[in-house]
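Enquirer: Sequence and computational prediction follow.
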Amino acid sequence: QVQLVESGGGLVQPGGSLRLSCVASGSIFKIKRMGWYRHPPGNKPDHPDLVAIVSFGGPTTYADSVKGRFTISSDNAANTISLQMNSLKPEDTGVYYCNADVENEYGLVVNYWGQGTQVTVSS
């Protein structure tokens, strides 16, 4: 089993910045990729929106709405990712979930979700 623990959410004014972090622990042979998804207010619980993904040793992918404002980074050795969020807008508000594709010792890739951290952008 793998656990994903997020930190760094909170309340910030429009134009402000926040940094989210996610640490993966447990039965990890190799992390294929990790990323962040957002569940905005009003969305169906099982339809979070992609924010950013980083493939360990590969490229990053961003939602168009965050390009130029958010930066995802990874520390492969520490099984950690961070999301630096700048120039935040009210529409960035939501619960941010860490997500990971983890390969176990048997070569099986399993997808995991964290518990989520609330980000609120409001004046």
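Expert: Cool, the structure landed. Please read all numbers here as calculations on a predicted model, not as lab measurements.
Enquirer: Give me the neighbour count for the closest residue in space to Gly26 that isn't next to it in sequence.
Expert: Among residues not flanking Gly26 along the chain, Val2 sits closest, at 4.0 Å (CB to CB, 6 or more residues apart in numbering). Every C-beta, even on glycine, is put in place using the N, C-alpha and C of the backbone. By other CB atoms under 10 Å, 16 other residues sit near Val2.
Enquirer: where does the residue of the chain most remote from its centre land in three-state SS?
Expert: The centre of the chain is farthest from one residue, Tyr106, which by CA atoms, centre = their mean lies 25.8 Å away. The assignment at Tyr106 comes out as coil when based on DSSP: H, G, I helix; E, B strand; the rest coil.
Enquirer: So for the helix or strand encompassing Thr71, what gets flagged as buried?
Expert: For Thr71, the host element (DSSP states H and E) is strand 70-75. In terms of neighbour count (16 or more other CB atoms under 10 Å), strand 70-75 has its buried residues at 70, 72, 74.
Enquirer: Among these, find me the one that's closest to Thr120.
Expert: Phe70 (16.2 Å; CB to CB).
Enquirer: bridging residues for the closest residue to the closest one other than its chain neighbours?
Expert: Once flanking residues are discounted, Phe70 sits nearest to Met85: 5.1 Å by CB to CB, 6+ apart. Here Met85 sits in beta bridges with Leu18, Phe70, as judged by DSSP bridges.
Enquirer: quick one: the residue positioned nearest the centre of the chain and Asn104, what's the gap?
Expert: With distances taken as CA atoms, centre = their mean, the residue of the chain nearest its centroid is Trp36 (2.2 Å). As for Trp36, its distance to Asn104 is 22 Å (criterion: CB to CB, to the nearest Å).
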